[in-house]
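Asker: Starting from these lines, generate the structure:
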Amino acid sequence: MMFNQKSIQLIVAVAVFLAFNVCVRNIAEAATITDMAGRTVTIPDTVRKVYAPSPYGSYIMYSVDPSILAGLIFPIRDEDKKYFPKETQNLPVIGSLFGQGQTANTEVLLKTNPDLLIMWSAKRSAINEKTEESLKKLNVPFVYAVAESLSDYPDVYLFLGKVLKREERTKQLSAYCKKTLDEIKVTVNKIPAEKRPSVYYAEGMDGLSTECNDSIHVELLELAGDKNVHRCHTSNHKGFEKVSLEQVILYNPDIIVAQEKVFFDKVFNDPAWQNVKAVKDGRVYLIPRHPFNWFDRPPSFMRIMGLKWLANILYPKEYKIDMVKDARDFYRLFLCVELSNDEMKRAIYP
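Answerer: Numbers count the residues shown, from 1 in each chain. Just a heads-up that it's a prediction; the model follows:
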């Protein structure tokens, strides 16, 4: 097929026009933001699909908008599927990209074609250069949400709302978090330190693992009065500090909050634990864990409800709430699920 000079000029002109329009469209469809780590990032103006390759980021996205998730970091347990839309349940399991327990399938991740990765950091100054270099190789823009403590969650929600254009929803979630944190602070401040009950956090099947008072895994205890009996400096992020039963007896806590149902179910009938005040007084409580743990492992947005639960246990006269009603309201707002009173009771008191 032959082209004359005019035809060639026309083709070139059309090609230049189309290329220009593509560039203009790309510019128009891009937005420049500053993420919570202070990085300037260019992201798509409209984010249709995201992936958060850590439990913290992945879980918070369930509350922001699970419909835009590209995949899951962990499979959803059968007993928890009722808390999620069918579309979310059927997403591919991609896993975690970095850190301990790295399981991510980068091939599956790239096949899902996310517009954006939401990274999570516990410190603004702790962004890892090697991690950044690895992320850049994926050729997917990424932003950092930063939460040094639960008190940062209101700001994290506002940041994600801005990035994902879900501002109306995230303002509601942020306001709920802030209101709860403020309520607990006011309640605790009214109670002298010496009148606050002491607490032992029982982890493991035998209840003989716990956390130092400065660990992220017991941040709720700090916010609810800072009466964790195990006073020490945490040895590592993983936690699970081993203690002896003799040490727990010496601590003689007023209250025990338990992570494992196996331990909870046997502690009241175990002769070895009968000399512990919390056991004698019947004040051992199993932490709710559906669909995510209210207290820890991983620390997530569910701790906002967990903080209300804990404050009500520690200060039932000063912090009076209808636990079932408040939990139903929380699940309705954060997870968009409507539970009956009986369903909610089973989740709180398994």
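Asker: Show me where the chain has its strands.
Answerer: Secondary structure of the chain, counting by DSSP state E: strands at 30-34, 40-44, 50-51, 116-121, 142-146, 199-202, 209-210, 241-242, 255-258, 284-286.
Asker: Quick check: nearest residue in space to Ala327, chain neighbours excluded?
Answerer: In space, and not counting its chain neighbours, Ala327 is closest to Met344: 5.2 Å by CB to CB, 6 or more residues apart in numbering. Backbone N, C-alpha and C define where each C-beta goes, glycine included.
Asker: For Lys136, give me the pLDDT.
Answerer: If you check Lys136, the pLDDT there is 86.
Asker: How about the one 3 residues further on?
Answerer: Listed pLDDT for Asn139 reads 93.
Asker: next one: Phe98
Answerer: 65.
Asker: How about Thr103?
Answerer: For Thr103, pLDDT reads 62.
Asker: So for the most centrally placed residue in the chain, what's the nearest residue that isn't a sequence neighbour?
Answerer: In the chain, the residue lying closest to the centroid (CA atoms, centre = their mean) is Ser300, at 2.5 Å. Spatial nearest neighbour of Ser300, excluding adjacent residues (CB to CB, 6+ apart): Tyr59 at 4.1 Å.
Asker: What count of nearby residues applies to the one you found?
Answerer: Counted with other CB atoms under 10 Å, the neighbours of Tyr59 add up to 21.
Asker: show me what contacts it?
Answerer: 292, 298, 300-302 (CB atoms under 8 Å, 6 or more residues apart in numbering).
Asker: got it, and Asp226?
Answerer: By CB under 8 Å, 6+ apart, the residues touching Asp226 are 193, 196, 213.
Asker: that older thread, who touches the residue nearest to the centre of the chain in this structure?
Answerer: Neighbour list for Ser300: 55-56, 59-60, 292-293 [criterion: CB under 8 Å, 6+ apart].
Asker: Which residue comes closest to Pro197 once chain neighbours are left out?
Answerer: Using CB to CB, 6+ apart and skipping residues adjacent in sequence, the residue nearest Pro197 is Asp254, 3.7 Å away.
Asker: Thr106 too?
Answerer: Leu138 (7.0 Å).
Asker: Just confirm the one you found contacts Leu117, I think it does.
Answerer: Yes - when contacts are counted by CB atoms under 8 Å, Leu138 is listed as touching Leu117 (7.4 Å).
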